[in-house]
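Student: Requesting a structural model of the entry that follows:
(4 chains)
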Amino acid sequence: MKLLYFAWLQSRVGLTGEEVSPPASVATVGDLLDWLKTRSDRHAAAFADADRLRAAVNQEFAGLDHPLRADDEVAFFPPVTGG
Amino acid sequence: MKLLYFAWLQSRVGLTGEEVSPPASVATVGDLLDWLKTRSDRHAAAFADADRLRAAVNQEFAGLDHPLRADDEVAFFPPVTGG
Amino acid sequence: MAVRVQAEDFDPGRELALLAAADNGAGAVASFLGLVRGDDIQAMTLQHYPGMTERQLQAIEDQARSRWPLIDVIIIHRFGRLLPGETIVFVGVASRHRAAAFAACEFLMDWLKTRAPFWKLEETADGPHWVEAKGDDDDRAERWD
Amino acid sequence: MAVRVQAEDFDPGRELALLAAADNGAGAVASFLGLVRGDDIQAMTLQHYPGMTERQLQAIEDQARSRWPLIDVIIIHRFGRLLPGETIVFVGVASRHRAAAFAACEFLMDWLKTRAPFWKLEETADGPHWVEAKGDDDDRAERWD
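Tutor: Predicted coordinates for the structure are as follows:
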């Protein structure tokens, strides 16, 4: 599973993205977010406040209950501020 | 008193404007309009339907009850259609 | 003066560049360009009331500036005979934020449509005829009362 | 394709001229230009999500076209490091009538502000910081639901 991080999430995690293989129990975006917190202290801090984050699955916005597949591209980021 | 006509009022009256000296009884825009109808058959036809006309006194929109002075510039025209 | 009434053509892109000038602190520029549609008319002649036109447009600009914090306003309206595709009117507004820029630009057009003394004579296959004012334009202008 | 995501600068006047092209039957062109304000920041870096950005902007254009009869739409959004006064975004809409052009232009900006994956990093005297999303932008976007 390909993960991408944007804006302040990049510097908090210390990565712009990563390739991960979560366990089968990770079935949704919310599951993935909880599992990511266990990967390192930086992950734990970066993903602590899920309310401040948004997600996209395969380049479409997705909620916490969105189902995941092993080959999905999943992005996490703060609310957008373009325009 | 200087009168100006615009749009279809010009061709109906047959004039783009005229210099007039209405009698003292002509005190308002409405009075002027009624008096103009007596000047010729073309005037009578052109000014017959006051609802379709608008007026300006000294280059500001004015209603039928707007008072008039001898040296005013008074314009009559249909509702505007610019832009 | 930001209000111009002219027979000559103009370059809307140049006006947009003036509104977006780097040193004026604007974050938002909203603009409107009105053109002669060419599908059913051969030409359009715009008559206006010289003197009153400039006064009214300036009054409309003043009114917009009193309602929103505007950095710059440009209003250009042409008169005379125009062919399909030619520009009739340009209204552009620069402000710090987009809400004010959009609102002021739309307000300027709505008031201009109902308060600036211009009249359109369309030349069609059936001959020339004066355009009738639209009740819809009055309704739009009244939104700002 | 009417959607462009690019680092390079562009000429908004040229885009306006494309929208006002004489042969497309448009009577109304509404446009918005967003700029880097220079009063309190030294530079602004726009990060985006390549791929998703283009998809979202195209989806926003499609949504606008399904709501209003639009002749042409141009959306340009820049990314990378931009200095005060530089253009960030251009949205322009051509339609037969002004009501549709104004509404669609404002709709496009409101949806772009809340749905296009861009993030602004401001460089100020205090150092760089990521701009926080504004609830006001959400409110404006929800007007169209």
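
Student: Would you mind naming the residues that bridge with the spatially closest residue to C:Arg98 that is not a sequence neighbour?
Tutor: Nearest non-adjacent residue to C:Arg98, counting by Cβ to Cβ, 6 or more residues apart in numbering or on different chains: C:Ala28, 4.1 Å away. Any C-beta I mention is one placed from the backbone N, CA and C, and that applies to glycine too. Beta-bridge pairing of C:Ala28 under DSSP bridges involves C:Ser95, D:Gly34.

Student: cool, C:Met44 as well?
Tutor: Applying DSSP bridges to C:Met44 gives these bridge partners: C:Leu82, C:Glu122.

Student: Just list the residues touching it, thanks.
Tutor: C:Met44 is in contact with C:Val36, C:Arg81, C:Leu82, C:Ile88, C:Lys120, C:Leu121, C:Glu122, C:Glu123, counting by Cβ atoms under 8 Å, 6 or more residues apart in numbering or on different chains.

Student: Just say helix, strand or coil for the residue in chain A that chain D sits nearest to.
Tutor: Nearest residue of chain A to chain D: A:Gly82, at 2.5 Å (Cβ to the nearest Cβ). Put simply, A:Gly82 is coil when judged by DSSP: H, G, I helix; E, B strand; the rest coil.

Student: PyMOL command for the buried members of the contacts of C:Met44?
Tutor: Buried subset of these, written as a PyMOL selection, criterion 16 or more other Cβ atoms under 10 Å in any protein chain shown:
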select buried, chain C and resi 36+82+88+120+121+122
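
Student: Which pair in the contacts of C:Met44 has the greatest spatial separation?
Tutor: Taking Cβ to Cβ as the measure, the contacts of C:Met44 span a maximum distance of 14.7 Å, between C:Ile88 and C:Glu123.

Student: that older thread, from the contacts of C:Met44, which is closest to chain A?
Tutor: Chain A has its nearest neighbour among the contacts of C:Met44 in C:Ile88, at 29.5 Å by Cβ to the nearest Cβ.

Student: related to what we said a few turns ago, let me see the contact set for the residue nearest to the residue of chain A closest to chain D when sequence neighbours are not counted.
Tutor: Closest residue in space to A:Gly82, ignoring its immediate chain neighbours: D:Phe118 at 2.5 Å, by Cβ to Cβ, 6+ apart. Going by Cβ under 8 Å, 6+ apart, D:Phe118 touches A:Val80, A:Thr81, A:Gly82, A:Gly83, D:Leu46, D:Gln47, D:His48, D:Thr53, D:His77, D:Phe79.

Student: can you rerun that using 10 Å?
Tutor: By Cβ atoms under 10 Å, 6 or more residues apart in numbering or on different chains, D:Phe118 lies in contact with A:6-7, A:80-83, D:5, D:46-49, D:53, D:56-57, D:77-79, D:88-89, D:112.

Student: So which of these are in helices?
Tutor: Among these, the members falling in helices (DSSP state H) are D:Thr53, D:Gln56, D:Leu57, D:Leu112.

Student: Closest one of those residues to chain B?
Tutor: Nearest to chain B, judged by Cβ to the nearest Cβ, of these is D:Leu112 at 27.5 Å.

Student: Please report the distance of that closest one from D:Asp62.
Tutor: Distance from D:Leu112 to D:Asp62, counting by Cβ to Cβ, to the nearest Å: 13 Å.

Student: So between these two, which is more surrounded?
Tutor: D:Leu112 (25 against 11; other Cβ atoms under 10 Å in any protein chain shown).

Student: wouldn't that one be in contact with A:Gly82 here?
Tutor: Yes: taking contacts as Cβ atoms under 10 Å, D:Leu112 lies within contact range of A:Gly82: 6.7 Å.

Student: can you list residues touching both of the two?
Tutor: Listed as contacting both D:Leu112 and A:Gly82 by Cβ under 10 Å, 6+ apart are D:Gly34, D:Gln56, D:Leu57, D:His77, D:Val89, D:Phe118.

Student: show me what contacts the fourth one?
Tutor: In this case it means D:His77. Counting by Cβ under 10 Å, 6+ apart, D:His77 touches A:82-83, D:3-6, D:34, D:46, D:48, D:53-54, D:57, D:87-91, D:112, D:116, D:118.

Student: follow-up on the earlier one: how about the contacts made by the residue nearest to C:Arg98?
Tutor: Counting by Cβ under 10 Å, 6+ apart, C:Ala28 makes contact with A:83, C:19-20, C:71, C:93-102, C:105, D:32-35, D:37, D:89, D:109.

Student: just the buried members of those?
Tutor: Taking 16+ other Cβ under 10 Å as the criterion, what is buried in these is A:83, C:19-20, C:71, C:93-96, C:98-102, C:105, D:32-35, D:37, D:89, D:109.

Student: and the gap between C:Trp111 and C:Ala59?
Tutor: From C:Trp111 to C:Ala59 the distance is 9 Å (Cβ to Cβ).

Student: what about these two, which has more around it?
Tutor: More neighbours surround C:Trp111 than the other of C:Trp111 and C:Ala59, with 21 against 15 (other Cβ under 10 Å).

Student: That one is in contact with B:Gly82, isn't it?
Tutor: No: counting by Cβ under 10 Å, C:Trp111 stays clear of B:Gly82, with 11.1 Å between them.

Student: Name the residues contacting each of the two.
Tutor: Common contacts of C:Trp111 and B:Gly82 (Cβ under 10 Å, 6+ apart): C:Gln56, C:Leu57.
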